[in-house]
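>>> Let me see the structure of the following:
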Amino acid sequence: MLKKERHAYIMKQINLHNKVLSSDLSIQLDVSEDTIRRDLNELGEDGKLLKVHGGALSKSFHFPFQENEVYAQSAKRSVALKAISLIKEGMVVLTGGGTTMIELAKLIPADLEATFFTISPLVALELVEHQKLTVILIGGQLSKNAHINIGASVINDLSEIKVDVCFLGANGIDAKEGITDSDWEVVQVKKAMIKCTSKIAILSISEKLNSVQKMRVCGLNEVSHFITELEPKSVELDSFKDFNLNII
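Below is the predicted model of the structure:
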């Protein structure tokens, strides 16, 4: 594979999953880790990603980010707009983090009165701009990679609340493997979030469909609503229609 092709593949993966590991890319591209490190260094020097120990992070996910650096922002805004339909007056809502959740926070109607719990400081800052919302940030150790609060204190606080609906992003989503992620601590927090509610809404752009990360968050049988920018009848969603999902 040519270097240009490797770089394109790396950028595709980092834009979709926010983080890549050199070891994983080495296996996927069948090249040495030294080659991958050189590729990541070059892409970092070009300002296309943020090189970190063992891999790289997406610039669009790193704070502070510019509007034009958010990957697939139009699709994420479409997903967020659909998700708004699930939020009703007086609800108690729980959200994860990520750029799609930030789009959701921006689109909350100005006259909506509701209570929002979130594990994301960036989402909380967007939500607090809405005067009629009560915003509660669940605190803990701030993950440098995911920009959400993680750890035992977060999981303990989550065990003490019950919400009407929980909005979660998906790092990987597949009909067989369900919702997956690449960060063990993030997975534990997401599992705790799922226990807070009987209504789980997964928000994901369609490019992440049929992708699998190393660690399982939950099966699709645990999900109530699945929201992408696609039309619900799209053939790309056919493999998800065997589940008892409300595809929006």
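>>> List the contacts of the spatially most central residue of the chain.
In the chain, the centroid-proximal residue (C-alpha atoms, centre = their mean) is Gly169; its distance is 3.4 Å. By C-beta atoms under 8 Å, 6 or more residues apart in numbering, the contact set of Gly169 is 96-98, 100-101, 202-204. To be clear about C-beta, it is placed using only N, CA and C from the backbone, and glycine gets the same treatment.
>>> one more time with 6 Å
Gly169 sits next to 96, 98, 100, 203 when contact means C-beta atoms under 6 Å, 6 or more residues apart in numbering.
>>> Any idea how many residues pack against the first one?
Applying the criterion other C-beta atoms under 10 Å, we find 23 residues in the vicinity of Gly96.
>>> can you list the domain ranges for the chain.
Listed by automatic domain parsing, the domain ranges of the chain are 3-61, 73-247.
>>> just for the protein, where's the confidence low?
For the chain, the stretches with pLDDT under 70 are 60-68.
>>> what separates Lys241 from Ile247, distance-wise?
As judged by C-beta to C-beta, to the nearest Å, Lys241 and Ile247 stand 7 Å apart.
>>> For the two, work out which one has more neighbours and name it.
Higher neighbour count among Lys241 and Ile247: Ile247, with 16 against 12, using other C-beta under 10 Å.
>>> quick one, phi/psi of the more buried one?
phi -90, psi 120 (degrees, to the nearest 10).
>>> do the same with His225
Note on His225: backbone dihedrals following degrees, to the nearest 10 are phi -130, psi 140.
>>> Neighbours of the closest residue to it other than its chain neighbours, how many?
For His225, ignoring the flanking residues on the chain, the nearest one in space by C-beta to C-beta, 6 or more residues apart in numbering is Ala201 at 4.0 Å. Ala201 is flanked by 23 other residues according to other C-beta under 10 Å.
>>> same check, this time on Ser74
By other C-beta under 10 Å, 11 other residues sit near Ser74.
>>> what separates it from Ile108, distance-wise?
With C-beta to C-beta as the criterion, Ser74 and Ile108 are 19 Å apart.
>>> Likewise for Lys3?
44 Å.
>>> Pick out whichever of the two has more residues nearby.
A count of neighbours by other C-beta under 10 Å puts Ile108 above the other of Lys3 and Ile108, at 20 against 12.
>>> shouldn't that one be in contact with Gln131?
No: counting by C-beta atoms under 6 Å, Ile108 stays clear of Gln131, with 10.8 Å between them.
>>> Ala175 contacts Ser239, correct?
Yes: the pair formed by Ala175 and Ser239 meets the contact definition of C-beta under 6 Å, at 4.0 Å.
>>> Work out the gap between the host helix or strand of Ile10 and the centre of the chain.
Assigned by DSSP states H and E, Ile10 belongs to helix 3-17. Centroid separation for helix 3-17 versus its chain: 18 Å, with C-alpha atoms, centre = their mean, to the nearest Å.
>>> what comes into contact with that helix?
Applying C-beta under 6 Å, 6+ apart, the contact partners of helix 3-17 are 20, 29, 39, 49, 58, 71, 171, 207-208.
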